[in-house]
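S.K.: Got a predicted structure plus its sequence, pasted below:
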Amino acid sequence: MWSPDTPAPQPLAPIVLLHESLGCAAMWRGFPAALCAATGRAVVAYDRWGFGQSSERTGAMELDFVAREAAHAFAAVRAHLGIGPFVALGHSVGGGMAVHCAAQYPEACVALITEAAQTFVEPRTLTGIRAAQAVFSRPESFARLAKYHGEKTRWVFDTWVNTWLSPAFADWRLDPALPQVRCPTLALHGELDEYGSLEHPQRIARLVQGPARYMLLPGLRHIPHLEAMQPVTAAIAEFLQPLP
């Protein structure tokens, strides 16, 4: 957890980060600290089960794993840390999980921020995953991932590939959850995102029931918070400024 050096006069809802398919808390790198400083809010990042420093996991991921994260692990993190109102911020598939957090806990979610989130299984997403398979077939690339996941790395990578490329997952979409979101929503998306088109942030902004907008980030790809940390944190801070 990252806490602001100077607490706000009135407590502000903390930001809870939900990481991507190959990610973990450590892979946010300097973003949580920068976000904490820019917003004046505490920031919480945790490793999902099977990722980073969490316990080992085996077997296939459930096809409803995106919704399950909000219902189970996220709920446990909130209870353990005593988090009441919160801001949900998710990157890539973590963005879908953040949508479910906002949908499942509407009385507590102050705001929703998605970054490079997918709302359905798009051909561009599958093409990007197949390209990543070639990249991570190289030992040096796989070793960079293993730095964060250790002996769990093979499970992390294979689960990502096998889940998204599975015909059984082809009909997955966020549409049922999006209309249940009532809070203010900001959908961030890199112009050159190799894993998803502009249809995703547009769909999020169109289908949620609270005030919403999407922001296209020129020249950025799939990880805007690392590619352009200062502008991204500034955009988020501006969005959250009027909120409790």
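M.R.: Looks like it came in fine. Residues are numbered from 1 along each chain as shown.

S.K.: Take the helix or strand that contains Leu112, keep the C-alpha atoms, and write them as CSV.
M.R.: Assigned by DSSP states H and E, Leu112 falls within strand 109-115. Taking C-alpha atoms only, strand 109-115 is exported to CSV below (Å, rounded to 0.1, in the frame of the first residue of the first chain):
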residue,chain,number,x,y,z
CYS,A,109,-17.3,2.2,-5.6
VAL,A,110,-16.7,5.9,-5.9
ALA,A,111,-15.2,5.8,-9.4
LEU,A,112,-14.1,3.3,-12.1
ILE,A,113,-11.0,3.7,-14.3
THR,A,114,-10.1,1.3,-17.0
GLU,A,115,-6.9,1.2,-18.9
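
S.K.: what packs against that strand?
M.R.: In this structure, strand 109-115 packs against strand 86-91, helix 93-104, strand 185-190, helix 229-240, with contacts taken as 3 or more CB pairs under 8 Å, 6 or more residues apart in numbering; DSSP states H and E. In this view, the C-beta of every residue, glycine as well, is placed from N, C-alpha and C.

S.K.: Kindly reformat those as JSON lines containing mean pLDDT and mean neighbour count.
M.R.: Below are the helices and strands packed on strand 109-115 laid out as JSON lines (pLDDT from 0 to 100; neighbours: other CB atoms under 10 Å):
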{"stretch": "strand 86-91", "mean pLDDT": "99", "mean neighbour count": "28"}
{"stretch": "helix 93-104", "mean pLDDT": "99", "mean neighbour count": "27"}
{"stretch": "strand 185-190", "mean pLDDT": "99", "mean neighbour count": "26"}
{"stretch": "helix 229-240", "mean pLDDT": "99", "mean neighbour count": "18"}
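
S.K.: how about the ones you listed in TSV, adding distance to Phe31?
M.R.: Formatted as TSV, these follow (distance: least, CB to CB, whole Å):
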stretch	distance to Phe31
strand 86-91	9
helix 93-104	12
strand 185-190	12
helix 229-240	6
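
S.K.: Could you point out which of these sits nearest Leu165?
M.R.: helix 93-104 (13.9 Å; CB to CB).

S.K.: Run the angle between that closest one and strand 86-91 for me.
M.R.: Angle of helix 93-104 versus strand 86-91, following axes from the mean of the first three to the mean of the last three CA atoms, to 10 degrees, is 150 degrees.

S.K.: Tell me where this structure has strands.
M.R.: In the chain, the segments counted as strands under DSSP state E are 15-18, 43-45, 86-91, 109-115, 185-190, 212-217.

S.K.: could you dump these to a markdown table with distance to Glu238?
M.R.: Compiled in a markdown table, those are given as follows (distance: least, CB to CB, whole Å):
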| stretch | distance to Glu238 |
| --- | --- |
| strand 15-18 | 14 |
| strand 43-45 | 17 |
| strand 86-91 | 14 |
| strand 109-115 | 12 |
| strand 185-190 | 9 |
| strand 212-217 | 10 |
